[in-house]
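I would like to see how this sequence folds:
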Amino acid sequence: MAFTKLIAFDRPMTAVSAPGLTGRTFTEAELAAATETAYRRGIDDARRLADQQIVEFRADVGQLHDNLLKRLPSLEPLFLGQIRDALPGLAIEIARRLLAGYEPPPEVISRLCEEAVTALFPERDNLELVVSAHDAEVLAKLTPNWMERYPGLRVSVEPSFLPGDCQVRSRFGITDARQQVKIDALANSLSAA
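Numbering: from 1, shown residues only. Take a look at the predicted model:
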């Protein structure tokens with residue numbers, strides 16, 4: 001078992017020597033000076049390393065910048081082509097999402113139906129306007145003036161139609177003004193352009 005004895009000194013200790021050690025001993029001031037010197041040398045080395053890394057980083061960024069600016073004119077047509085190819089599909093997808101669940105107000109329903117009927121001009125007699133049940137109720141309540149210009153115009157209900165969808169049947173065929181058909185026509189015109 002180790003034996004420990006506390007020794008009290010009447011003045012500050014200036015040096016210590018241990019038996020069997022023949023090396024040089026340092027005073028507290030010498031040790032503090034050596035520590036300060038090593039600390040300063042470490043700071044200087046770290047600053048030199050950081051400065052070197054910053055110089056290398058600047059050189060890398062400058063080289064990247066130069067290479068990018070050189071390649072940019074050759075990449076511009078590629079980027080424009082990719083954007084030109086992606087925009088029609090993006091526009092159609094935006095239109096589909098905006099119109100999903102959209103229930104147009106009564107005035108818009110009336111205007112959509114009027115546009116579909118006037119698309120058959122000069123045909124005015126014995127037309128059939130096919131709309132959703134909701135739109136039929138709206139048109140019955142509104143009784144728009146444009147309906148008087150078409151003698152014998154019948155309004156019929158198609159349960160599968162969404163609000164805002166309409167078709168006009170005449171002796172020449174059908175004019176389809178459903179939202180999905182309009183979006184498909186827009187997609188065809190954008191893809192052809």
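
how far does stretch 163-171 stretch from start to finish?
Its first and final residues considered, stretch 163-171 spans 25 Å by C-alpha to C-alpha, to the nearest Å.

Please identify the buried residues of it?
Across stretch 163-171, burial judged by 16 or more other C-beta atoms under 10 Å covers 163-169. All C-beta atoms are positioned from the backbone trio N, CA, C, and that covers glycine.

Can you tell me what sits against that stretch?
Contacts with stretch 163-171, where a contact means C-beta atoms under 8 Å, 6 or more residues apart in numbering, come from 102-104, 108-109, 112-113, 116-117, 119-120, 123, 126-132, 134-135, 158, 174-180.

Just those residues: which are in helices?
If you go by DSSP state H, the contacts of stretch 163-171 have 108-109, 112-113, 116-117, 134-135, 179-180 in helices.

hmm, back to that, list only buried entries from the contacts of stretch 163-171.
Among those, the ones that count as buried by 16+ other C-beta under 10 Å are 104, 109, 112-113, 116-117, 120, 127, 129-132, 134-135, 175-179.

Which stretches in the chain count as helices?
Using DSSP H, helices in the chain cover 28-99, 106-118, 133-142, 179-192.

Please tell me how far the third one is from the chain's geometric centre.
Relative to the centre of its chain, helix 133-142 is centred 40 Å away, using C-alpha atoms, centre = their mean, to the nearest Å.

now the angle from that helix to helix 106-118?
For helix 133-142 against helix 106-118, the angle by axes from the mean of the first three to the mean of the last three C-alpha atoms, to 10 degrees is 100 degrees.

most neighbours per residue, which of the helices of the chain?
Among these, ranked by average contacts under mean count of other C-beta atoms under 10 Å, first place goes to helix 106-118 (a mean of 18).

which residues sit against it?
104, 127, 129, 131, 135, 138-139, 141-142, 144, 146, 150, 153, 163-164, 166-168, 175, 177.

Among these, name the ones in strands.
Among the contacts of helix 106-118, the ones falling in strands (DSSP state E) are 129, 131, 166-168, 175.

how long is stretch 96-106 end to end?
End-to-end span of stretch 96-106 (C-alpha to C-alpha): 21 Å.

shaky segments in the chain?
1, 15-18, 21-22, 193 (pLDDT under 70).

Spatially central residue for the protein, please.
The chain has Leu90 as the residue nearest its centroid, 12.4 Å off, counting by C-alpha atoms, centre = their mean.
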